[in-house]
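Novice: the sequence and its predicted three-dimensional model are supplied below.
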Amino acid sequence: MDRTEAGRIFTAFLAGLPRGVQTRIHILTDADADGLPAAALLLRSLNAAGYANVTTEPRRKFENAWMPEVHARLAALKPEALLLVDLGARPDPVLPGVPTLLVDHHAPFGTPPGAVLLTSYGTEPTATSGLLALWCAQSIAPQLAHDLQWLAGISLLSDLGDKAPFAELAESKERFGTTALKDLTVLLNAPRRSAVGDASVALDLLLRADTPKQVMKSTDPALESLRAARTEVSAALAAARKTAPKFSTKWKKELGADMAMVRLHTACQVHPLIAQIWRSQLKKAVIFGVNTGFRPGYVHFSGRAPSGINLLHFLRAHTPTGADGTFGGGHDQASGGALPTPVWNQFARDMGFGPEMQVVAAEASQGEFPLTPGTTQMPQA
Ligand SMILES: [Mn+2]
């Protein structure tokens with residue numbers, strides 16, 4: 001997958017749309033600082049190329065692109081084409097009969113029937129969704145893609161870090177300023193990690209922003225909202241960092257490493273950050289952030305593995321009965337899942353952990369679970 005190939009797939013998909021530039025296109029994207037700039041690049045370049053009816057929204061807390069309640073919300077918008085961005089790829093249908101393009105870089109489980117998968121998975125280095133979106137944008141609106149090149153830089157910083165092996169990151173830093181790019185990346189990632197977990201403010205900001213410096217200097221109230229989310233997440237992270245990991249050697253032979261788990265209880269999505277922080281200290285172990293307070297009735301966990309250890313394959317080989325199709329998604333060295341509490345308890349035992357990783361009913365049902373005003377609570381199934 002490269003720029004030419006991405007542009008070819010994207011323009012071929014657009015050429016097949018039922019009503020040309022009048023087609024109602026909806027973009028559902030991941031809520032992180034890869035998915036958000038990717039969606040902004042796609043929507044703004046489509047607009048610049050004459051597509052007048054394009055809308056977008058970020059995935060909400062707990063959501064993935066294969067939940068019936070998500071499909072119902074998407075269907076209510078009556079889209080004539082659907083773009084799923086940075087959300088993984090699974091073989092199950094999304095909106096049957098609606099032309100669907102998936103733009104993604106995670107290890108796919110499959111492709112929905114009739115959908116087109118534009119993925120960088122399998123190409124090294126692996127382009128982020130934001131970089132794929134830049135390549136798509138370049139194929140239909142080159143001037144705008146040039147002006148908004150920094151959106152791809154943010155996606156690279158967010159998913160691959162400062163050393164991302166893509167010339168596009170160096171170009172972003174050179175043209176738009178390293179500090180502003182980094183500061184904005186941190187802020188864009190905050191809302192989806194907050195207890196409410198709604199990143200629409202961050203996405204809206206990217207739909208009107210010209211440059212990262214202009215955004216960081218602005219008095220836009222959206223920026224204040226991102227800063228408040230950042231403060232909330234920092235506090236949750238500081239609390240979670242106080243807990244020490246527990247270890248299991250049970251799967252050392254098959255996995256190639258010891259396993260460690262750090263347990264935390266917060267409505268904020270900081271379990272991936274905890275895994276990342278401990279990874280740098282436990283260089284030879286697979287480390288999981290295990291969050292018992294993220295979603296009522298569930299345990300969410302996020303793992304990081306040393307290079308050479310394929311955590312994704314290990315998890316897929318040990319998928320427990322009762323897991324949904326998101327278990328073992330992500331990347332070879334960054335994978336995890338969400339399990340109903342009883343399924344988690346069995347899984348934690350199977351992984352060789354004792355009572356310290358068991359979640360009892362009373363604890364599972366307590367905790368802080370604020371809901372976004374105007375949204376409905378997710379089903380507990
Ligand atoms: Mn991504």
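Specialist: Ah, there it is. Numbers count the residues shown, from 1 in each chain.
Novice: who touches Thr185 in this structure?
Specialist: Going by C-beta atoms under 8 Å, 6 or more residues apart in numbering, Thr185 touches Ala33, Ile154, Leu157, Ser158. In this view, the C-beta of every residue, glycine as well, is placed from N, C-alpha and C.
Novice: so the third one sits against Ala164, correct?
Specialist: Yes. Distance between Leu157 and Ala164: 7.0 Å, which falls inside the contact criterion (C-beta atoms under 8 Å).
Novice: neighbour count winner among those two?
Specialist: The residue with more neighbours, out of Leu157 and Ala164, is Leu157; 28 against 20, by other C-beta atoms under 10 Å.
Novice: which residues touch Ala39?
Specialist: Ile27, Thr29, Thr56, Pro58, Leu83, Val85, Ala133, Leu203, Leu206.
Novice: and Ala361, what pLDDT?
Specialist: Ala361 carries a pLDDT score of 71 in this model.
Novice: make that Gly308, sorry
Specialist: 94.
Novice: what about it, distance to the ion?
Specialist: 22 Å (C-beta to the ion, to the nearest Å).
Novice: right, and that residue touches Gly256 too?
Specialist: Yes. Using C-beta under 8 Å, Gly308 is in contact with Gly256, at 7.3 Å.
Novice: of those two, who's got more company?
Specialist: It is Gly256, of Gly308 and Gly256, that has more neighbours when counted by other C-beta under 10 Å, with 16 against 9.
Novice: can you pull the phi/psi pair for the residue in the stretch 1-150 of the chain that the ion sits nearest to?
Specialist: Closest approach between the stretch 1-150 of the chain and the ion, counting by C-beta to the ion: Asp34, at 3.3 Å. Main-chain torsions, Asp34, degrees, to the nearest 10: phi -100, psi -50.
Novice: report the contact partners of it.
Specialist: Asp86, Thr128, Ser129, Gly130, Ser155, Ser158, Asp159.
Novice: for the helix ranked longest in the chain, buried residues please.
Specialist: What stands out as the longest helix in the chain, according to DSSP state H, is helix 221-240. Within helix 221-240, the residues that count as buried by 16 or more other C-beta atoms under 10 Å are Ala222, Leu223, Ser225, Leu226, Ala229, Arg230, Glu232, Val233, Ala236, Leu237, Ala240.
Novice: pLDDT score assigned to the first one?
Specialist: As summarised for this prediction, Ala222 has a pLDDT of 94.
Novice: who in this structure is up against the ion?
Specialist: Asp34, Asp86, Ser129, Asp159 (C-beta under 5 Å from the ion).
Novice: how about a cut-off of 8 Å?
Specialist: 30, 32, 34-35, 38, 86, 104-106, 128-130, 155, 158-159 (C-beta under 8 Å from the ion).
Novice: which ones among these lie within helices?
Specialist: Residues of those located in helices (DSSP H): Gly35, Ala38, Ser129, Gly130, Ser155, Ser158, Asp159.
Novice: just to check, the fourth one is in contact with Leu41?
Specialist: Going back to what we said before, that points to Gly130. Yes. Under the criterion of C-beta under 8 Å, Gly130 makes contact with Leu41 at 6.8 Å.
Novice: between those two, which contacts overlap?
Specialist: In contact with both Gly130 and Leu41: Leu151, Ala152, using C-beta under 8 Å, 6+ apart.
Novice: out of those two, which sits in the more crowded spot?
Specialist: Set side by side, Gly130 and Leu41 show more neighbours around Gly130, with 34 against 31, by other C-beta under 10 Å.
Novice: ok, now which ones touch the more buried one?
Specialist: So Gly130 contacts 34-35, 37-38, 41, 86, 151-152, 154-156, 158-159 (C-beta under 8 Å, 6+ apart).
Novice: Leu144 now?
Specialist: Arg44, Ser45, Ala48, Ala137.
Novice: and it, that's in a helix?
Specialist: Yes. Applying DSSP: H, G, I helix; E, B strand; the rest coil, one finds Leu144 inside a helix.
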